[in-house]
Structures are given as structure tokens and as C-alpha cells.
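Colleague: kindly return the folded structure for what I paste below:
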Amino acid sequence: MSFGVISINDSSFVQIDSETPRLCLLTKGSYSGTTNANVSFPRAVTSADPPLVFIRPDQNGIVQVPISVWFTGGPGNWTGFAMKASNVQSTLSGQYFIAAWASMGTASFGMRIWGPGGELVYDSGAPPVVVTFAAGNWAYVGSEQLSVGQRYRWISIKRWE
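Modeller: Model prediction:
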């Protein structure tokens with residue numbers, strides 16, 4: 001690293017510097033809709049790449065997992081996202097949070113680190129996203145022919161905590 005601040009933990013892992021971004025939580029909320037669920041961000045996400053969407057579907061009745069997700073806006077100005085239900089005319093509902101490999105100024109006070117190009121690398125007001133579980137035990141259970149293509153079905157047995 002040739003610019004900024006470097007933070008290394010007890011395991012010699014670089015936690016913060018100008019070349020190692022961290023995944024930051026930018027906003028969170030709930031989503032709902034029939035067939036489609038549309039979400040507008042409270043303020044635009046300014047990362048060049050689209051932000052990451054993490055969802056937790058409501059656990060009441062049949063859980064609908066989206067078949068597709070798309071973003072509104074574009075690089076430097078991501079304004080929201082939409083999801084389509086995998087079962088047409090079904091209700092999508094649950095909680096979401098948005099994260100990116102770039103920080104956005106959120107804190108009124110604290111610490112900020114800027115990169116060599118003037119980009120914000122770290123803001124103490126943007127909580128880090130720590131991934132503690134990812135469903136890795138997916139099993140193929142079959143497919144279904146649709147009028148517009150093919151649907152493939154996979155299942156993960158372990159429930160989210």
C-alpha cells in the first residue's frame with residue numbers, strides 16, 4: 001500500500017487500506033409485491049459496480065425466492081432494484097439490505113479514509129457486512145418445461161437462522 005492508513009488484525013489480516021475495500025452495509029428495509037417487488041433506495045448508491053442485494057424472505061407460508069433481480073439507475077447512480085417472483089402471481093415479501101465494495105459517507109462524525117484518486121475508502125458510519133453463513137448444500141430436484149423456456153429446481157435443506 002502506498003497511500004492512506006493500514007489496519008492489520010492479530011492474525012496479520014489487512015482490515016482497512018486504500019487497496020482492500022470492505023463490504024459495507026449501505027441501506028436496509030423491507031420489500032413486498034405480487035409478481036414483482038420494487039425497491040427505491042433512500043439515496044443513490046455511488047459505486048461503479050451494482051450493489052449486492054441480500055434478502056431474507058418472510059417465513060409465513062410458501063417462501064417465494066425471486067427468479068430474477070434487476071437494478072434501476074446505472075454506474076455511480078444506482079437508485080433501486082426489482083425482483084420477479086419465481087411463481088407468477090405470488091407474493092414476494094421479506095427483509096433486504098444493500099451492500100457494496102465501496103463506502104458512502106454516512107456518519108456525521110468519526111473517521112474517513114480517502115484513496116489516491118479521492119474516492120472514499122472507509123467511513124466509520126458504514127457498518128461492515130460479515131457473512132457468517134452461505135447455503136452451500138444445494139441439491140438438484142428436477143426441471144419443468146415452461147411455455148417460455150425451462151425452469152430448474154434446486155433446494156437447500158439447511159434453514160437460515
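Colleague: next secondary structure after the least confident helix or strand in the chain by mean pLDDT?
Modeller: Taking mean pLDDT, DSSP states H and E as the measure, the helix or strand of the chain with the lowest value is strand 14-16, at a mean of 64. Once strand 14-16 ends, the next helix or strand along the chain (criterion: DSSP states H and E) is strand 24-34.
Colleague: which other helices and strands contact the next helix or strand after that following strand?
Modeller: Next helix or strand after strand 24-34 toward the C-terminus (DSSP H and E): strand 36-45. The elements that strand 36-45 packs onto, with contact taken as 3 or more CB pairs under 8 Å, 6 or more residues apart in numbering; DSSP states H and E, are strand 24-34, strand 66-74, strand 77-85, strand 91-100. From N, CA and C alone the C-beta is placed, and that goes for glycine too.
Colleague: show the average pLDDT along the last one.
Modeller: It stands for strand 91-100. Taken as a whole, strand 91-100 has an average pLDDT of 90.
Colleague: quick one: strands adjacent to the helix or strand that comes right after it?
Modeller: Scanning the chain past strand 91-100 towards its C-terminal end, the next helix or strand to appear is strand 112-114 (assignment: DSSP H and E). In the sheet, strand 112-114 lines up against strand 120-123 (antiparallel) (DSSP bridges).
Colleague: same for the next helix or strand after the strand it pairs with, what does it pack against?
Modeller: Stepping forward along the backbone from strand 120-123, the first helix or strand reached (DSSP H and E) is strand 138-146. Strand 138-146 makes packing contacts with strand 149-156 when contacts are defined by 3+ CB pairs under 8 Å, 6+ apart.
Colleague: quick one: mean pLDDT over the strand it packs on.
Modeller: When the per-residue pLDDT values of strand 149-156 are averaged, the result is 73.
Colleague: got the angle for that strand vs strand 66-74?
Modeller: An angle of 100 degrees separates the directions of strand 149-156 and strand 66-74 when computed by axes from the mean of the first three to the mean of the last three CA atoms, to 10 degrees.
Colleague: quick one: strand 149-156 to chain centroid distance?
Modeller: 22 Å (CA atoms, centre = their mean, to the nearest Å).
Colleague: same deal with stretch 38-50?
Modeller: Between the mean C-alpha position of stretch 38-50 and that of its chain there is a distance of 11 Å (CA atoms, centre = their mean).
Colleague: just the buried residues of that stretch, please?
Modeller: Of all the residues in stretch 38-50, those buried under the rule 16 or more other CB atoms under 10 Å are 39, 41, 44, 45, 46, 47, 50.
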